[in-house]
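# With the sequence up front, the predicted model follows.
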Amino acid sequence: MSEEKADLLSSPYGEVAYETFRELDRAFVDKSSVIKKLDDKKTPRYPVLLRPRRFGKSTFIRMLKCFYDISFKDKYDEIFSGKDIYKENLPSHNTYHVINFDFSKVSAQSSAAMLNSFFSAVANGIDNFKRRYPDFAFDYQNLDKSDSVTLFNNFASAYSDYAKANLSSEDSANQKHGRLYVMIDEYDNFANQILSKDVDLFRSITGDSGFLKEFYAAIKAAAADSDCIAKTFITGVSSVSLDSLTSGFNISRNVTSRACFNEYAGFTEAELAKLIPQLVDVKQMGISADDVIARMKPVYDGYCFSQEAKQTVFNSSMCLYYLDEMQLKGRFLPPENCMGPASDHDGSKLQQLFENSEDGLADEIIETYLGGDRFLVKELAENINLNKNTKYSRVQLLSMLYYLGYLTIDTNPAPNDKLPLKIPNLFMSKLFAQCTADLRLKPSKVFTDSVLDISALQNLNDDIAPFAASCTEFLGGIFTNQVLTHMSEMALNLTLYTKLDSMRGVAVEMQKSLRVVGDGEKFADLVITVNEDKNNECAYLIELKYAAKTDASESRIQSLIKEASDQVLKYKSALEFRNRQVKAYSMVFAGSNCVHCQLQNQQSFPQHL
């Protein structure tokens, strides 16, 4: 380790004020090259770019505002010099009046709260516009504070008059479609919350005479006015809200899957290689940026949004939080323990998806997901209109899981020109598993009434046969009663983890990241810690293997035993277990029956329980 400390920059985690990054010495990843692609004549004037939560969409919107808005013209050199877009010298920079609306804080608590807070969000955008353009006169104080449609219509009318009065004849000739650029961030945030709680309310606001449909219809009408809206740019998570508006805003074009926008949000490995040394003193820690990326990759990477894309991206918010924690604590940290307070996803969205899907579809999706298999579709759903369809079809449900980040495009091709979707990374896999546990396992009486015998673990016994026998009884009840309809290794792991996690006296981790010297990063199925933080603390390291009863031949079982035994011995040597008391076990299940439980390097217990 180096004794010299690096001069590090501040983290931009949680901040979107792009124009202040240099002033405040914030580290940043330069995404400005995407602006050239947006300016391309082949790109629609009303694009929609979707990404899962916490991907840096708001920062990107702020960058666009700084680039396009006339009021930032005097700061153009200060903000963009040295960045990729600066050398392009695009004539479009700082030539628009930009108004931006942020709908991330619109309330979904009640219909009245939603209408009032949506009005406030629109009013905030207008107020910000008025502060940047003091000569723009517009007073909305006498309007109904729940009528955002009239508010926007009045603003658009006032802007048209303003544009006619202020643009020179030369500018007017060159700008055939007006000079107002409307940017909307998190357009569907509140609508998705409503959708997860009240489908009928969602349909009422997006259907005929619904206020949301009328609001976007007003933007559409203003776009048809040559003196008003020239362009729009919209970000959000899923297409379902715009799809459900039908003719309300049918001028928009979802460009999410175009290869040129694959990396518009999120970080590539090359971008992280530049960012990490700005935020983490890697030399002082005795590591390299590549070492850090290798640890982050299985947890945060894997997202791909176009079949033609050549690389995947990391979730930017998770990366920044992790690097921020490493900077603060000055040491190498396990990334799976640094997800950030805002990284958790609302399980109610999954519940809504499953409850409103075609019969039997949720079980099929859960089975495939927990089995780690990929999904094949002809293409993503182009129209998810909940005002026309009462139930999600298979392709619509998988498309929604893709938009939410639970699935992503697999860069490995599929047969017959199908589009392959897969789980992007460890975090999303564990999150889906946790949501499945919350929705399927925990509400079940069979789950809550069953007991696992952990007495042998609490007494630090080597013989944990009673625990193995209780696992057989517990799993038999779970699957006999179809709490989960299909068994897989992941389903087995998830079920035992969820039950152990609900019990007092033990601390349990699933898919725990371990650093094995000479073998890189590995993931242990279960680590059960007893007497935590006491002198006699002990970790029970368990590697689980599963075979279906129809595949449980003697040769198959022996093969799984060897595989589990080899793996668990390797995991036991991990750096995380140095100077700790660890007991390592291989456990093999045939169906719900534990047929092998053995402490490695010591005497075997009964192997067919």
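Now that the structure is in, tell me what you want to look at. Numbering: from 1, shown residues only.

# Doesn't residue 100 lie inside a strand?
Yes. According to DSSP: H, G, I helix; E, B strand; the rest coil, residue 100 belongs to a strand.

# Can you check the pLDDT for residue 386?
On pLDDT, residue 386 comes in at 86.

# longest helix in the chain, by residue count?
helix 111-132 (DSSP state H).

# Tell me which helix or strand comes right after that helix.
Sequence order places helix 148-166 as the next helix or strand after helix 111-132, per DSSP states H and E.

# all helices of the stretch 151-300 of the chain, in order?
169-174, 189-197, 199-206, 211-224, 240-244, 269-279, 282-285, 289-300 (DSSP state H, counting those that start in this stretch).

# if I look at residue 326, how far off is residue 291?
With distances taken as Cβ to Cβ, to the nearest Å, residue 326 is found 12 Å from residue 291. The C-beta positions use only the backbone N, C-alpha and C, and glycine is treated the same way.

# for the helices of the stretch 151-300 of the chain, which one ends up most surrounded?
helix 240-244 (a mean of 25; mean count of other Cβ atoms under 10 Å).

# circling back: what inclination does the longest helix of the chain have with respect to helix 211-224?
Relative orientation of helix 111-132 versus helix 211-224 (axes from the mean of the first three to the mean of the last three Cα atoms, to 10 degrees): 30 degrees.

# what does helix 111-132 contact?
69, 71, 97-103, 105-108, 136, 138, 140, 145-148, 151-152, 155, 190, 194, 201, 205, 211, 215 (Cβ atoms under 8 Å, 6 or more residues apart in numbering).

# Determine the residues that are contacts of both of residue 326 and residue 291.
residue 332.

# Now which of the contacts of helix 111-132 would you call buried?
69, 97-103, 106-108, 136, 138, 140, 146-148, 151-152, 155, 190, 194, 201, 205, 211, 215 (16 or more other Cβ atoms under 10 Å).

# Tell me which stretches of the stretch 351-500 of the chain form strands.
Counting by DSSP state E, counting those that start in this stretch, one finds strands in the stretch 351-500 of the chain at the ranges 375-377, 408-409, 419-422.

# With respect to residue 301, which of those strands lies nearest?
strand 408-409 (10.2 Å; Cβ to Cβ).

# Check which helices and strands the closest one sits against.
Applying 3 or more Cβ pairs under 8 Å, 6 or more residues apart in numbering; DSSP states H and E, we find strand 408-409 packed against strand 419-422.

# counting contacts, what elements does the strand it packs on pack onto?
By 3+ Cβ pairs under 8 Å, 6+ apart, strand 419-422 packs against strand 375-377, helix 394-404, strand 408-409.

# picking that back up, list the buried ones in the longest helix of the chain?
In helix 111-132, residues buried by neighbour count (16+ other Cβ under 10 Å) are 114-123, 125-126, 128-130, 132.

# swap in stretch 507-520?
Buried residues in stretch 507-520, counted by 16+ other Cβ under 10 Å: 508-516.

# Same check on stretch 81-99?
83, 85-86, 88, 93-99.

# hmm, who's touching that stretch?
30, 32-33, 35-36, 39, 64-65, 67-70, 72-73, 76, 80, 125-126, 128-129, 133, 155, 159, 163, 175, 179-183, 230-231.

# again, but for stretch 286-296
1-2, 269, 272-273, 276-277, 280, 282, 314, 319, 322-323, 326, 332, 334-335, 513, 520-521.

# Quick check: the gap between residue 278 and residue 390.
51 Å.

# what does residue 307 give?
Taking Cβ to Cβ, one finds residue 307 at 30 Å from residue 390.

# can you put the helices and strands packed on strand 419-422 in TSV and add distance to residue 591?
Shown next, in TSV, are the helices and strands packed on strand 419-422 (distance: least, Cβ to Cβ, whole Å):
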stretch	distance to residue 591
strand 375-377	25
helix 394-404	28
strand 408-409	32
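
# between the ones you listed, which gets nearest to residue 588?
Short answer: strand 375-377, nearest of the helices and strands packed on strand 419-422 by Cβ to Cβ, at 28.4 Å.

# Does anything pack onto the closest one? Which helices or strands?
helix 394-404, strand 419-422.

# chain center to it, what's the gap?
On the basis of Cα atoms, centre = their mean, to the nearest Å, strand 375-377 sits 20 Å off its chain's mean C-alpha point.

# try stretch 192-202
20 Å.

# what's the span of it, first residue to last?
8 Å (Cα to Cα, to the nearest Å).

# thinking again about what came up before, which of the buried residues of helix 111-132 sits closest to residue 362?
Out of those, the member with the shortest distance to residue 362 (by Cβ to Cβ) is residue 114, at 28.1 Å.

# how much space between residue 83 and residue 40?
Counting by Cβ to Cβ, the gap from residue 83 to residue 40 is 18 Å.

# Would you mind pulling the contact partners of stretch 60-75?
16-19, 31-32, 34-35, 38, 76, 79-80, 85, 92-98, 100, 132-133, 181, 183, 185, 233, 235, 264-265.

# returning to what we had before: dump the buried residues of stretch 81-99 into JSON lines; add pLDDT as well.
Below are these laid out as JSON lines (pLDDT from 0 to 100):
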{"residue": "83", "pLDDT": "94"}
{"residue": "85", "pLDDT": "97"}
{"residue": "86", "pLDDT": "96"}
{"residue": "88", "pLDDT": "95"}
{"residue": "93", "pLDDT": "96"}
{"residue": "94", "pLDDT": "96"}
{"residue": "95", "pLDDT": "95"}
{"residue": "96", "pLDDT": "96"}
{"residue": "97", "pLDDT": "96"}
{"residue": "98", "pLDDT": "97"}
{"residue": "99", "pLDDT": "98"}
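
# Among those residues, name the ones in strands.
Judged by DSSP state E, those include 97-99 as members of strands.

# Distance to residue 447 for those - can I get that in CSV?
As requested, these are exported to CSV (distance: Cβ to Cβ, whole Å):
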residue, distance to residue 447
97, 58
98, 53
99, 51
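
# So which of those residues is the closest to residue 570?
For these, the nearest to residue 570 is residue 98 (55.9 Å; Cβ to Cβ).

# show me where pLDDT drops low in the stretch 501-609 of the chain?
602-609 (pLDDT under 70).

# actually the stretch 151-300 of the chain, sorry about that
The stretch 151-300 of the chain contains residues with pLDDT under 70 at 167-178.

# try 50 this time
169-170, 172-177 (pLDDT under 50).

# Make sure residue 584 is actually in contact with residue 597.
No. Contact criterion Cβ atoms under 8 Å: residue 584 and residue 597 do not qualify, at 11.9 Å.

# Now do the contacts for residue 138.
So residue 138 contacts 126, 130, 154-155, 158 (Cβ under 8 Å, 6+ apart).

# any chance of those in CSV, plus distance to residue 589?
Shown next, in CSV, are these (distance: Cβ to Cβ, whole Å):
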residue, distance to residue 589
126, 62
130, 66
154, 67
155, 64
158, 69
